[in-house]
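Novice: model the following, please.
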Amino acid sequence: MNNRLIRGRVSDIGAPGRRADAVWVRDGKIEGVGADDVAALATRHGAIEEHYGDRYVSPGFVDPHAHVEVGSIAAANYLDLRVPLVETIDDVRQALVERVDGSDEWIIGQANLFWDVKLKDGRYPTRQELDEVSTRQPIAIRAGGHYSVLNSKAFEISGVADYAKTEGMMGRAVIHRDAYGEPTGLIGELDAVLPLPNPTGRELESTLREGISSLFTRYGVTTIGEISETSEGLAAFMSLADQGLLDLRAALYLWVPGAFSLEEACGMPEKFGTTDPALAIIQGIKIFADGGFSSRNAATLTPYRPRYAHTPGSAGEINLTRERIGQILRAATDAGLQLAVHTNGERAQQEAARAVIETLGTAPAGRLRTRLEHAGNYVTSPDTIQAWADSGVHIAPQPGFLYNFDDFLPEYLGRPGERGRHPFRSLLAAGVRLSASSDLHMGSEIEQTNPLFGVWNCVKRESFLGNIIEPDERIDLDDALRMHTLDAAAVLGREATIGSISVGKHADLVVLEEDPHDVTVDQLRQIRADRVIVSGITVYDRPGAVLPAASASR
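Specialist: Residues are numbered from 1 along each chain as shown. Okay, the predicted model is just below:
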C-alpha cells in the first residue's frame, strides 16, 4: 500500500489550463489532483507529504516504439563506433584493432544511422579494410539496424550470401558487390541472420535491467512498447515482471517472422502471463512492409537519386503485399492483438492503410487500431494523409529522427526530399494526432531515449549537422510534451490509464528538476528527472538531487 501527497507544479497535460500543485496517490492510483483542498483531504487520510517546491511534476513519459533488448545488449557488449565518438574510418579501424585478441570471438560494433555520410570519409569501411584489422576474428559493424559491414570471416561463417535473392525480414535483402561481383562488405536488411553471440537467461535479464535503467528510467520513461526480437528476450521481460524487477510498464510486440511465426505469435498471450499484467503484457505483432531509408529500401513515392538507387529508378520495395498484410491483420485481430506495421516510405503506408480498409472496413476503435510505424517522419502527398484518415490507423513518428537523418533525405531523394520532413505543424493543423517514440535500436543517437531530447527536436528542429529543418513546422512546447505522454499512450490504447495526471489513472509520475516552460529551447534536452514513480512506487532517484524522503519506494 502507498499513500503519498506530491506537491509541486503539476502538469496540465490532458486538462489544459488547470492549475494544480497537489497530487494524492493511494494504492498505486491517482486519488486526487488540485491544490490545498486535495492536500488537506489527503493528509486527513494519512498521506505522507513530499514537497518539491517549484519542480515540475509530469506524467510519466511513454515511449511506444523501442527495441530495448537490442539497445541494452549493444550498450553492454558492443564497441561504440558512433559519430562523433569516432570521426573517420581510420578511427574505426584503430578502435577495432584494440579489440583484437587472436581468438575466434566476434568483434561487434554499433554505428549510427547514415554512418556513411556522418563519417568524414563519406562512405562505409570496406570488407578489405576490416580484413586488415583481422582475418581470423569475425567483425560486424551494425549501422542502425538496417545496414551492417562485415569482414571476410564474418561473411564466411554467417552464410548471408544465401539470402541475396530472398525476401529479407526487415525489407528486401541486399548484398552490395563491387564491379567484379565480390561482396564489398555492406549488407542490408540481414542483421537478423547474423549468428552473433548474445546473452541469455539470467545474464540477459541483468542486461535488460541495466539497459532499462540507463536508457529509459533515468529519463522519466515509465511505459514502453518493446519490439521483442527473440524468444529469449520475451521470456526475460516476463520473468522480470514476475520477480517484481521491471521498473516500467511494457507492452510487448512480437516480431513476425523474424523472431516468431505468425501462429506462434498469436498463441503467445496464452503461453505467457505475469503476476502483474499491468506492468507487462503481450500486446501485438510487428511486421515490416518495407525497409529503411538508410538502406535505400524505404518504399517511397519518388525514386532515389541514381547514386543511391539499388537499381535504376528504384523507389524502394514493398516487402509484404497488401494481401499478406491483410492476412496477418486478420489473424492478429482474431487473437486480440494489435498490429504494428513498419512503413518508412509513403508508398508502404498507403498500401498498409488500404490493407486495413480491405480487411476490416475501418480500423476497430480502441487498443486494436493498427499502427503505422514511422508514418509522419516524411510526408509529401495529401493522399498519404487521406489514407491514414480513411483507415483510422495510428501513426507513430520519431522526432529524434529529425536530428538523425533529415539532413540526408535531399541527398538520397533529390529536390522532393527538401520538404515534408517531420511536418508536425502541418499534420496537427490537418487534425492528425501525433505520438512520439524513440525507436531505440542498434546505433541510435546517444540522447535518443531521452523524451526531452524528442521535445527539443519538435520545437527547435536542429539536425545532426546543425541545420534548422523546415522551421515553419515547429510546434508548441505543450504539443510536444503531449506527444511524449498522452498521445503516445493513445497509440498503445492506454490513454484511459496512463499519459496524464488524472484521477483514476496509474500513478506514474516524474519530478523534473525544472519546469520546461521556464527554460530556453536549448536547455530542454538538459533537464533531468529527479524522481521517477511507477504505480505510486519510487523506482529512481537521481544521484545528487535534493529530495524529500519517498514514502513508497523499492
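
Novice: start to end distance for stretch 305-317?
Specialist: 15 Å (Cα to Cα, to the nearest Å).

Novice: no no, stretch 307-319
Specialist: 22 Å.

Novice: could I get the buried residue list for that stretch?
Specialist: In terms of neighbour count (16 or more other Cβ atoms under 10 Å), stretch 307-319 has its buried residues at Y308, S314, A315, G316, E317, I318, N319. Bear in mind the C-beta positions are built from the backbone N, C-alpha and C, glycine included.

Novice: and the first one, what's its pLDDT?
Specialist: It stands for Y308. Looking at Y308, its pLDDT reads 89.

Novice: distance check, it against N297.
Specialist: The gap separating Y308 from N297 is 11 Å, by Cβ to Cβ, to the nearest Å.

Novice: do the third one as well
Specialist: In this structure, A315 lies at 10 Å from N297, with Cβ to Cβ as the measure.

Novice: same deal with V221?
Specialist: V221 is 29 Å from N297, where distance means Cβ to Cβ.

Novice: quick one, which of the two is more surrounded?
Specialist: Set V221 next to N297 and count neighbours by other Cβ atoms under 10 Å: N297 wins out with 31 against 28.

Novice: quick check, the more buried one in contact with S314.
Specialist: No - N297 lies out of contact with S314 (Cβ atoms under 8 Å); the separation is 9.0 Å.

Novice: quick one, domains of this structure?
Specialist: The chain breaks down by automatic domain parsing into domains covering 3-60+503-541, 70-193.

Novice: doesn't G32 belong to a helix?
Specialist: No - read with DSSP: H, G, I helix; E, B strand; the rest coil, G32 is strand and lies in no helix.

Novice: show me what contacts it?
Specialist: Contact partners of G32, counting by Cβ atoms under 8 Å, 6 or more residues apart in numbering, are A22, V23, W24, V38, L41, A42, V503.

Novice: try it again at 10 Å.
Specialist: Counting by Cβ atoms under 10 Å, 6 or more residues apart in numbering, G32 touches 5, 20, 22-26, 38-39, 41-42, 45, 47, 503.

Novice: tell me what it is bridged to.
Specialist: W24 (DSSP bridges).

Novice: check what pLDDT it gets.
Specialist: 98.

Novice: was I right to think L434 contacts P399?
Specialist: Yes - using Cβ atoms under 10 Å, L434 is in contact with P399, at 9.0 Å.

Novice: between those two, which has more neighbouring residues?
Specialist: Set L434 next to P399 and count neighbours by other Cβ under 10 Å: P399 wins out with 30 against 24.

Novice: need the phi and psi values for the more buried one.
Specialist: P399 has phi and psi values of phi -60, psi -30 when expressed as degrees, to the nearest 10.

Novice: can you pull the pLDDT of it?
Specialist: For P399, pLDDT reads 98.

Novice: swap in A490?
Specialist: 96.

Novice: packing partners of the strand or helix carrying it?
Specialist: Counting by DSSP states H and E, the element that carries A490 is helix 486-491. Here helix 486-491 touches strand 61-66, strand 221-228, strand 394-396, helix 477-483, going by 3 or more Cβ pairs under 10 Å, 6 or more residues apart in numbering; DSSP states H and E.

Novice: do that again at 6 Å, thanks
Specialist: strand 61-66 (3 or more Cβ pairs under 6 Å, 6 or more residues apart in numbering; DSSP states H and E).

Novice: I'd like the next helix or strand past the strand it packs on.
Specialist: helix 68-77.
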